[in-house]
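S.K.: 3D model of this:
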Amino acid sequence: MFGEMAPGPRNLITDVAGLRLGNAEDGAARSGVTVLAGDAPFTCSYAVHGGAPGTRETDLLEPDKTVPGVDALVLSGGSAFGLAAAQGVMEALHAQGRGFQALSARVPLVPAAIIFDLLNGGQKDWSTNPYPALGAQALGAAGRDFVLGSSGAGFGALTAGYKGGLGSASLVLEDGTTVGAVMVANPIGDAITPGGKHFWAAPFEVNNEFGGLGIDPAPGLRALPPSRKLAAMQTLANTTIGIVATDASLTKAQCKQLATAAHDGIARAVVPAHGPGDGDLIFAASTAARTAPVDHGALSHAAAVCVSRAIARAVWEARHIKGDVLPAFRSERSDHA
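M.R.: Below is the predicted model:
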C-alpha cells in the first residue's frame, strides 16, 4: 500500500504540473500574501480543524456545492484584512480572461484563508488596505520556483518559540502520482521539541531538508516551555494554514478527504495543534493531469508527510530581519554554537 516515495525535482508544491506559486510582502507591515494558481481551473475542497478560522468562499468547496473548480487559492497574513487579497487576485484573473462562465459574465473563483500577524511588530496603521495589491502582485510573480521561510504569507509568521514562515515539500509516489504541500506556520504551538534542538517533524525528514538534526533523543512526556510568542504579543491568536495538491484525478469529495487526512501532518509537526485559538485549515487541490487509478490511502499518507515537512522547512528557512519580536531558529542556533 505504502511503497517507495521520493521528493519531486524541486521539493515544492509546484512539482505538481500545471500549478504556479507566487509571493508578495510588505516589509513595513511585516506581512504578505501567497497565491497558488492553476494553468486551468482545478478541483478543490478544504478541511478546518482549528477553532478560529478566517476564510473566504470556502462554502463553495463543499462536495455538495455545484462549483466544479477554482482558479486560484490565497493564503494571507493580515487577519480579516488579508481576505481582501483574494479580491486583488480575482480582478487580475478577470483581466486575463479567467473565470467561471455564467452566460456573458466571467467570475474568477478565489477561496482564501488568513493568519493572524497583526501584533508582530509591523506597521498596521494603513489608510488603505494593502492586501488587494499584494494579492495581485503575488499572482503576477507566480512561477514554478519560489522562496521559502520569511516570504509571502509566512513573512510575519511566528511559532511559540521562534519565527514561523512559508514552507513547501513534495513526494512522488511509486505509481508516479505527485503530491505537494505549501504551509504557513503561525501556530500557538511550536515546531521545535522542548529541548530546543530538534523538530517534531524529524521522523519524516528527507535529505536533510530542515537541517538533518535528527529525532529528539529525550524519551517520554515533557512539559512544554513557556511561549515566547505569548509573552511578546499577549495573545493566542494564531493559525497554521496551507494547501496540498496532486495531479491525481479526484472529485471534490475525495479532495475533502485528502484535506482531512493532511491535517495529521500539522499534528505531527506542531505541538500543541488544532486548539480553540488556532484557525488551522488545509485546502486540497487536484489538477487531474493523471487519469490512472490512484491509491487513496497512499496519497493521504503522502499528503500528511508533505505537510509535516513543509512546516519544519518553514521554520528552518525563516531568516532574521531587524526588529523581529522572536529569533529565527537557525540564527539562534548559530549564536549558541
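S.K.: Can you point out the buried residues in the biggest strand by length in the chain?
M.R.: The strand that spans the most residues within the chain, counting by DSSP state E, is strand 31-48. Buried positions in strand 31-48, judged by neighbour count with 16 or more other C-beta atoms under 10 Å: 31-38, 41-48. For glycine as for every other residue, the C-beta is placed from the backbone atoms N, C-alpha and C.
S.K.: cool, stretch 51-61 as well?
M.R.: When burial is assessed from 16+ other C-beta under 10 Å, stretch 51-61 yields the following buried residues: Ala52, Pro53, Gly54, Thr55, Arg56, Glu57, Thr58, Leu60, Leu61.
S.K.: Now for the closest residue to Gly149 other than its chain neighbours: which residues touch it?
M.R.: Spatial nearest neighbour of Gly149, chain neighbours left out: Glu317 (3.1 Å); criterion: C-beta to C-beta, 6 or more residues apart in numbering. Listed by C-beta atoms under 8 Å, 6 or more residues apart in numbering, the contact set of Glu317 reads Leu148, Gly149, Ser150, Gly165, Leu166, Gly167.
S.K.: quick one: which two of the buried residues of stretch 51-61 are the most distant?
M.R.: Ala52 and Leu60 (21.1 Å; C-beta to C-beta).
S.K.: Correct me if wrong: Ala310 contacts Ala181.
M.R.: Yes. Because the distance of 4.5 Å satisfies C-beta atoms under 8 Å, Ala310 is recorded as touching Ala181.
S.K.: Let's see the pLDDT reported for the nearest residue in space to Ser249 that is not next to it in sequence.
M.R.: Distances taken as C-beta to C-beta, 6+ apart put Ala288 closest to Ser249, at 4.0 Å, once the chain neighbours are dropped. Per-residue confidence at Ala288 stands at 95 (pLDDT).
S.K.: Tell me if I am right that Ala288 is in a strand.
M.R.: Yes. Membership of Ala288 in a strand is supported by DSSP: H, G, I helix; E, B strand; the rest coil.
S.K.: what number of residues lie near it?
M.R.: Ala288 has 17 neighbours, counted by other C-beta atoms under 10 Å.
S.K.: same deal with Ala24?
M.R.: When neighbours are defined as other C-beta under 10 Å, Ala24 has 27 of them.
S.K.: what's the longest strand of the chain packed up against?
M.R.: Using 3 or more C-beta pairs under 8 Å, 6 or more residues apart in numbering; DSSP states H and E, the elements in contact with strand 31-48 are strand 19-26, strand 70-76, helix 85-95, helix 131-140, strand 178-186, strand 239-248, helix 252-269, strand 281-290.
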